[in-house]
Each structure stands twice: as structure tokens, then as C-alpha cells.
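Q: Prediction below, plus the sequence it came from.
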Amino acid sequence: MEAFEVLLPLALILCLGKLMGLGAHRIGMPAVIGMLLAGILIGAMKYIPWEPLQTAFFSEEVSFSLGVVSKLGVVLIMFSAGLGTDLKQLRQTGVASLVITTFGVIVPMCFGWLTASLFFGFENVLSNLFYGAILTATSVSVTVAVLKELGKLESKVGTSIVAAAVIDDVLGIIILSVLTGFAGAEGESGWDWFNPNAGMVVIKIVLFFVIFISIGVGLRKVFDIMERKAPHNRRVPILSLAACFVYAYCAEKLFGVADITGAYVAGILLGGTLSETPYVESKVDTMGYLFFSPVFFANIGIANIDYFSKIDLPFLAFGCVYVAAALLGKLLGCGAGAKLCKFSFRDSYRVGLGMMVRAEVVLICAEKGVASGLVDPAVFPFIIFIILISSILTPILLKTSYRSEEKRLLKRSAA
């Protein structure tokens, strides 16, 4: 295969992904949905029996090239997420956000594990836990937009949701790293809690965080000096990106930790306190969302289109229960956490709703689970349903909650 042959599939992905992303945004859905649907439509072209089309878009070489670009896309997404993590906000919001997040991680993970265990058997411990871990992810971009529109973003509910989402990302990434690492310690006859490899996995994960956080503190001081000498210089984003790739590579190669964890940790360490963080983040976002990220999301649809037609009745039943577990897990878990922190029932309900939305992170977690062999690729259609349903329900129910309260207050004042 000549290198230029991948250019045509890339052009189609970018054009169709952008058009469908804009369409999704117009109807209040995340642009990610449009990119995924673009990939599904392109993937459906596999079934057109025309040899030139198959060669141009679906040869092994093209698939490999798209996979490489997709890998860069997911690393950049997680690096950007780390850069945008505001650690100062976590200290300001106190215990409430931590409690909300803890319940918002434990409850959906238990729901997902229980669902997988009931359908696939309790003996598949690690695989079932990964199905649960996928459901811990959240994405509050839709929620933030709704609360901002309603003028409630700076309220107790709004600040708690935003801060809890940050902690949620950190905890979710740690859980993902642990399970991915344990995948290499699973015995042939199933998971063995006394497998000596399991202890080594834990040690390697701890070493990764200790070593790379220590290195990151030193790197941040170097970057601070560079920023003071040459503010808004392109060398800072370039070297930040290099650090991201080194962290991602070393995480997976040396420590058995997911590469996306390395990228996320690099983003946290190089973000937040740096005065140039917004500048670096804007450059990374431009590069990522202009090219690499659309290819990542579209490639999920292209690579997994076959599984849409191969879902059998038992897996369909599992998928429906799994979607319900995803929605109820966040709603009940985060809502219960808020209630324990003495929120009102109505505000607890709003917190649960706000944390229910899923987007790109849940896809990344599912993709990592499939790559590790712990998750059936047929789960992808249901992950898409989770994103769609949560992105539709959350804005509607949040607006209804606040508007019904406003009407009640107006009636009281009129009386």
C-alpha cells in the first residue's frame, strides 16, 4: 500500500464527521454522536460489493493506518482532559464533591458488575468488573451547558457537579488502570486472587504514579521557567505534547498501565498551575479535534459495524439491562451522595441527573476493555445508546426540574 491511499478515507471521515457533528450539535446532542454515526455509515459501505470501494476504504493497510491515527486521537483527548482538570476547584468544594463522586463511581460499577455477572456468569470476575468500570465514566459538558443557560452553573448544585466530575475522571482512570494491569495477571482458568502476578501489577501501578508524579513536578518547574522567559511560545505546547507521548508510552510499555492514563496524568501535572495552560490546551484541542479525534470516534463505528448485525437475543437482553444500569447507577449513586451531604431531595435529584451524562470517556473505556480482551465488542451499540439517551434525558429533566420549581415559587409569591 502506498502512503497516499489512506488520504481518501481520511477525507471522507473528516467531511462526514464534521457535517454529522454539526447536525448533532444543532439538535442539542454532543458532536461525538455525529462522529460516531459518520463512522457507522462509512462502515456500512463494507456491504457494498464493489472491489475498488473495498480496496480504497477497508483494506488491512487502511485499517491499520486509521488505527494508528485513532490511537493518537484518544491520547490527545485524555491529555486535554488532564490539562482541563482544575485541582484548585477540588480543594474549594470540600467533602461534598468527593462523597458524590465516590457514590457515583461505586454504585454504577456495582450495577455494571452485577448485570454482567447475571448474564455471563459470576466466575468471570475481571471481565465483569470491567463492564462495571465502563459505567463509572461521566461527561458533564451537556449538563454545564444546560445549567449555564438556566443561570444555575454557580449554584451549589452546579459547582458540586463540575467538581465531582473532575474527581470522577481521576477515580475512573485509576480503576481502568488497575483492571487493565490485572488483565495480564489473569490465570487460564479464570481470575486467581492469589496469583503472584497480581501483587506485581499493584506494585507497578503504584510505582508508575509515584515516579511519574515526581518527574512531573520537576517538569512543571522547568516549564514555568520557560514560560517566564518566552510567554506564548510554541516550544511550550510542543514539549508538552512530547511529555504526553513519553508518559503514555512508558505507562503501557514499562508499567502495564493504560496509555491513556499516562496521557491523563501528564495533562494534570502540566496543567492547572501553569500560567500557559490555556494556551497549551488551545493548541492541543485544535490539533486533536481538527483531525485526530474525529478519526478516533469514526473509527470506532467503522471497526465495529459488524457487531450491530450480530447481536443475538441474549446479548440484546444484556444490553438493555446494561443501559438501564448505566443511567440508574449515576442517578441513584450521585443522588444518594448528595443527600448524605445534606442536599435537599430536589437538589440531590439534580446532581444525579447532571452526573448521568456520558460522552467520549465512556467510549474510550469501552475501547480499552475490548482491546484488552475483557469486553465483548458487541457492547459498542449499547454504549452509543447510553450516550444518546443520557444526552437527551438530562437536559429535558433538568430544565423541567428548575422550571417546575420556579412556577411553584411564583404561585406562592402571588398568594
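A: Sure thing, it's come through.
Q: Past the least confident helix or strand in the chain by mean pLDDT, which element shows up next along the chain?
A: When the helices and strands of the chain are scored by mean pLDDT, DSSP states H and E, helix 87-93 comes last with a mean of 63. Under the assignment DSSP states H and E, the closest C-terminal helix or strand after helix 87-93 is helix 95-120.
Q: And the average pLDDT for that next one is what?
A: Regarding helix 95-120, the rounded mean pLDDT is 93.
Q: ditto for stretch 10-20
A: Mean pLDDT, stretch 10-20: 93.
Q: For that stretch, which residues meet the burial criterion?
A: Leu10, Leu12, Ile13, Leu14, Leu16, Gly17, Lys18, Met20 (16 or more other Cβ atoms under 10 Å). C-beta: built from backbone N, CA, C; applies to glycine.
Q: List the ones among these that fall in helices.
A: Per DSSP state H, helices hold the following members of the buried residues of stretch 10-20: Leu10, Leu12, Ile13, Leu14, Leu16, Gly17, Lys18, Met20.
Q: okay, the residues you listed in JSON lines with distance to Glu154 next?
A: Below are those laid out as JSON lines (distance: Cβ to Cβ, whole Å):
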{"residue": "Leu10", "distance to Glu154": "42"}
{"residue": "Leu12", "distance to Glu154": "43"}
{"residue": "Ile13", "distance to Glu154": "39"}
{"residue": "Leu14", "distance to Glu154": "37"}
{"residue": "Leu16", "distance to Glu154": "38"}
{"residue": "Gly17", "distance to Glu154": "34"}
{"residue": "Lys18", "distance to Glu154": "33"}
{"residue": "Met20", "distance to Glu154": "33"}
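Q: Closest to Cys320 out of these?
A: Comparing those against Cys320 with Cβ to Cβ places Met20 closest, at 25.5 Å.
Q: and that closest one, what does it touch?
A: Shown in contact with Met20 (Cβ atoms under 8 Å, 6 or more residues apart in numbering): Gly34, Met35, Leu37, Ala38, Leu41.
Q: can you check Gly288 too?
A: By Cβ under 8 Å, 6+ apart, the neighbours of Gly288 are Gly73, Leu76, Ile77, Ser80.
Q: cutoff 6 Å now
A: Leu76 (Cβ atoms under 6 Å, 6 or more residues apart in numbering).
Q: how close does it sit to Gly39?
A: Noted for Gly288: a distance of 17 Å to Gly39, by Cβ to Cβ, to the nearest Å.
Q: same thing with Pro30?
A: In terms of Cβ to Cβ, Pro30 sits 15 Å off from Gly39.
Q: Compare these two and say which is more crowded by neighbours.
A: Gly39 (27 against 23; other Cβ atoms under 10 Å).
Q: for the helix or strand hosting Ser404, packing partners?
A: In this assignment (DSSP H and E), Ser404 forms part of helix 380-414. Packing contacts for helix 380-414, counted by 3 or more Cβ pairs under 6 Å, 6 or more residues apart in numbering; DSSP states H and E, involve helix 141-150, helix 313-340, helix 345-354.
Q: change it to 8 Å
A: helix 31-44, helix 141-150, helix 293-309, helix 313-340, helix 345-354, helix 360-371 (3 or more Cβ pairs under 8 Å, 6 or more residues apart in numbering; DSSP states H and E).
Q: Of those, which is nearest Thr101?
A: Minimum separation from Thr101 across the helices and strands packed on helix 380-414 (Cβ to Cβ) falls at helix 313-340, 7.3 Å.
Q: Now the closest one: buried residues?
A: In helix 313-340, counting by 16+ other Cβ under 10 Å, buried: 315, 318-319, 321-323, 325-339.
Q: How about the secondary structure of Thr85?
A: Secondary structure state of Thr85, per DSSP: H, G, I helix; E, B strand; the rest coil, is coil.
Q: Distance of it relative to Phe79?
A: To Phe79, Thr85 is 11 Å away according to Cβ to Cβ.
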